[in-house]
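Asks: The sequence and its predicted three-dimensional model are supplied below.
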Amino acid sequence: MKQLNSNRFLATLVLTSILAFSCSNDDDNNMEMESASSTTVYASNNSDGNITIYDVTNSANITTKTLITTSTAADGIYFDNDSDAVIQASRSGLGLEGFSNISNLLDNATINADIDGTMDMTSPRELAVNGNTYVVADNADVDGDATTPDGKLFIYTRNGNSFTLRTTITTDFKLWGITFKNNDLYAVVDATNELAVFTNFTANTSNETLSASKRIAIEGIVRTHGLTYDSASDVMVMTDIADATNGQDDGAFHIIEDFTSKFNDTANGATLSASQQTRVSGTATLLGNPVDVAYDATTQTVFIAEAGNGGGRILAFNNIGSGGNMTPTVNNSLASASSVFIYKN
């Protein structure tokens, strides 16, 4: 976010052709991201806590602006169109902070949170939203014993310009990425290659320790971090940071199409095979520690918050095909990038 100027084309187009995006039912590689009236990507970071907004509607002229916040580090991010507000989980403030009426602000505008609540968390990571329910995954060690993995899910209710802590759920595994599929909450099992689900999660109204309804392993992943689910296309995308100490070239992401049937057909404790997924990895991808992911199903484009390679980047990949060692079609520097969210209008 730091040193990104408004109305400048900062995307490094590592392909020599104009940035092209395929649409869901069309293999025309010259199709650009013009199918929606606007497509915007929001990004947070752990370098300065500011918010970076990319307008990627016109793939040949990507523009960006940075909004200066009082946080010094932030993670999970979300855009609410109804109030024209960006909400992020502040890792320095240890709570949710929201900023309304942001669309008309100029680059480098200083903003103060006007949607907030209590500071309850210790190490907030991803944010998942379902209606007025906002859930934050916290990966701090709950019991002080590093040999017993655990984490917390903070469930907030938003009412206008305030967040109220409704429920705190303790999990029996470490947390990072979370995403909703209807009322079910999917969560990565940090430090593993596993994916967990809490069915009918929004019905939990009491503080308690809760085990996942189901956990499966994802073949090919070493250590997963980010995930996102698109209901219209039934696609789940998960990231693999592999060796956390290697932030440069051992990362990846997996695309799982027809996710619902594949997940349901995989027994609790079993493994979803690599043959049922598409994996993108290799040195050309610039993936080292891909910590979060967003997916545009219309153009079949994957956006990545890459925390390690080159100090941090926002990357985009399209025309995934059979995966492999792909070059990103967008490569923007963003120090310690931590979270991405896409909104199409």
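Replies: Right, received. Where do you want to start?
Asks: quick one: the helices in the stretch 201-345 of the chain?
Replies: 259-265 (DSSP state H, counting those that start in this stretch).
Asks: what residue ranges in it are flagged as low confidence?
Replies: For the stretch 201-345 of the chain, no stretch is flagged by pLDDT under 70.
Asks: ranges for the strands of it?
Replies: Taking DSSP state E, counting those that start in this stretch as the test, the strands found in the stretch 201-345 of the chain are 208-210, 214-218, 224-230, 235-240, 252-256, 271-272, 278-281, 290-296, 301-306, 313-317, 330-333, 337-344.
Asks: In terms of secondary structure, what does the second one contact?
Replies: Just to be clear, that refers to strand 214-218. Counting contacts by 3 or more C-beta pairs under 8 Å, 6 or more residues apart in numbering; DSSP states H and E, strand 214-218 packs against strand 194-198, strand 271-272. Backbone N, C-alpha and C define where each C-beta goes, glycine included.
Asks: Over to the third one?
Replies: Strand 224-230 makes packing contacts with strand 178-181, strand 184-189, strand 194-198, strand 235-240, strand 290-296 when contacts are defined by 3+ C-beta pairs under 8 Å, 6+ apart.
Asks: let's see 7 Å
Replies: Counting contacts by 3 or more C-beta pairs under 7 Å, 6 or more residues apart in numbering; DSSP states H and E, strand 224-230 packs against strand 178-181, strand 184-189, strand 235-240, strand 290-296.
Asks: now it against strand 214-218, angle please.
Replies: 110 degrees (axes from the mean of the first three to the mean of the last three C-alpha atoms, to 10 degrees).
Asks: List the strands paired with strand 224-230, with their directions.
Replies: strand 235-240 (antiparallel) (DSSP bridges).
Asks: Could you list the residues in contact with the partner strand?
Replies: The contact list for strand 235-240, computed with C-beta atoms under 7 Å, 6 or more residues apart in numbering, reads 188, 195, 218, 221-229, 251-257, 259, 290-291, 293, 295, 297, 302, 304.
Asks: Identify the residues contacting D82.
Replies: D82 makes no contacts at all, as judged by C-beta under 7 Å, 6+ apart.
Asks: rewinding a little: distance to A274 and mean neighbour count for the helices and strands packed on strand 224-230 - can I get that in a markdown table?
Replies: Below are the helices and strands packed on strand 224-230 laid out as a markdown table (distance: least, C-beta to C-beta, whole Å; neighbours: other C-beta atoms under 10 Å):
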| stretch | distance to A274 | mean neighbour count |
| --- | --- | --- |
| strand 178-181 | 22 | 22 |
| strand 184-189 | 17 | 25 |
| strand 235-240 | 12 | 25 |
| strand 290-296 | 18 | 26 |
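Asks: looking at the ones you listed, which is closest to G323?
Replies: strand 235-240 (11.8 Å; C-beta to C-beta).
Asks: now that closest one: how far from the chain's centre is it?
Replies: Its chain's C-alpha centre and that of strand 235-240 lie 10 Å apart, by C-alpha atoms, centre = their mean, to the nearest Å.
Asks: ok and that strand relative to strand 301-306, angle-wise?
Replies: Orientation check (the same axes, to 10 degrees): strand 235-240 against strand 301-306 gives 30 degrees.
Asks: So how do I select the buried members of the contacts of strand 235-240 in PyMOL?
Replies: Burial among these is assessed by 16 or more other C-beta atoms under 10 Å; the matching PyMOL selection reads:
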select buried, resi 188+195+218+221+223+224+225+226+227+228+229+251+252+253+254+255+256+259+290+291+293+295+297+302+304
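Asks: Which of the helices and strands packed on strand 224-230 sits closest to L106?
Replies: For L106, the closest of those is strand 290-296, at 24.6 Å, according to C-beta to C-beta.
Asks: Please name the bridge partners of T168.
Replies: Per DSSP bridges, the residues bridged to T168 are F154.
Asks: which residues touch it?
Replies: Taking C-beta under 7 Å, 6+ apart as the criterion, T168 is in contact with K152, F154, N207.
Asks: Straight-line length of stretch 111-124, end to end?
Replies: Terminal residues of stretch 111-124 are spaced 21 Å apart (C-alpha to C-alpha, to the nearest Å).
Asks: Can you point out the buried residues in it?
Replies: By neighbour count with 16+ other C-beta under 10 Å, stretch 111-124 contains the buried residues I111, A113, I115, D116, G117, D120, M121, S123, P124.
Asks: list the buried ones in the host helix or strand of R158?
Replies: For R158, the host element (DSSP states H and E) is strand 151-159. Within strand 151-159, the residues that count as buried by 16+ other C-beta under 10 Å are G151, K152, L153, F154, I155, Y156, R158.
Asks: No further queries at this time; thank you.
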